[in-house]
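*Asks:* turn this into a structure:
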Amino acid sequence: MDHLRGTHDILSEWEQDEATCLAGLCHSVYGTRTYRSELGIARSDLREVVGADAEALTWRFRMIHLYERAAVVRQPALICTLCPALRAIYLIGLANLVEQAGHVSTRKLGSAPERYRSIVRTFGPEFPSAARDALPTALRDR
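*Replies:* Predicted structure coming up:
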């Protein structure tokens, strides 16, 4: 639970909207590529608690984590132009990674840091400055 709260708080520090912060709080409730959720929470139930926008971002975060390998990673600026919610989803992913960087081994993070470095470089000024600087700082401070 500390990790989920930490992800939410990082997004809040980056001055993201409430739906993005709440999606950060719930980002792994449906499971991710590396975390298999056993919670069995129905989308409608989560929607009642956090609202439709946050639930939709939470669901999309899961789907992107499961299927992002193709064009999303190779051409994030183009994809985000087509789907503005991806900016929020990438920020949730970045906050998730920054929060984990203080608690898990670099080996366990795998290729995620490099993927997010590439995304941050691509978006540049579209990301809050605190978000752009957070990953290098988190990894350096280990």
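*Asks:* now Gly31: which helix or strand?
*Replies:* Assigned by DSSP states H and E, Gly31 belongs to no helix or strand.
*Asks:* no wait, Ala54
*Replies:* Ala54 belongs to helix 52-67, assigned by DSSP H and E.
*Asks:* quick check: buried residues in that helix?
*Replies:* 53-62, 64-65 (16 or more other Cβ atoms under 10 Å). Glycine gets a C-beta too; all of them are placed from N, C-alpha and C.
*Asks:* how many neighbours does Arg5 have?
*Replies:* 12 (other Cβ atoms under 10 Å).
*Asks:* export the buried residues of helix 52-67 as a markdown table, with columns for distance to Gln16 and pLDDT.
*Replies:* As requested, these are exported to a markdown table (distance: Cβ to Cβ, whole Å; pLDDT from 0 to 100):
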| residue | distance to Gln16 | pLDDT |
| --- | --- | --- |
| Asp53 | 12 | 94 |
| Ala54 | 11 | 95 |
| Glu55 | 16 | 95 |
| Ala56 | 15 | 91 |
| Leu57 | 10 | 90 |
| Thr58 | 14 | 90 |
| Trp59 | 18 | 87 |
| Arg60 | 15 | 84 |
| Phe61 | 13 | 83 |
| Arg62 | 18 | 79 |
| Ile64 | 17 | 71 |
| His65 | 18 | 62 |
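*Asks:* can you lay out these as a markdown table showing distance to Thr32?
*Replies:* Below are the buried residues of helix 52-67 laid out as a markdown table (distance: Cβ to Cβ, whole Å):
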| residue | distance to Thr32 |
| --- | --- |
| Asp53 | 20 |
| Ala54 | 17 |
| Glu55 | 16 |
| Ala56 | 16 |
| Leu57 | 14 |
| Thr58 | 11 |
| Trp59 | 12 |
| Arg60 | 12 |
| Phe61 | 8 |
| Arg62 | 6 |
| Ile64 | 10 |
| His65 | 5 |
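*Asks:* between these, which is nearest Val120?
*Replies:* Ile64 (16.1 Å; Cβ to Cβ).
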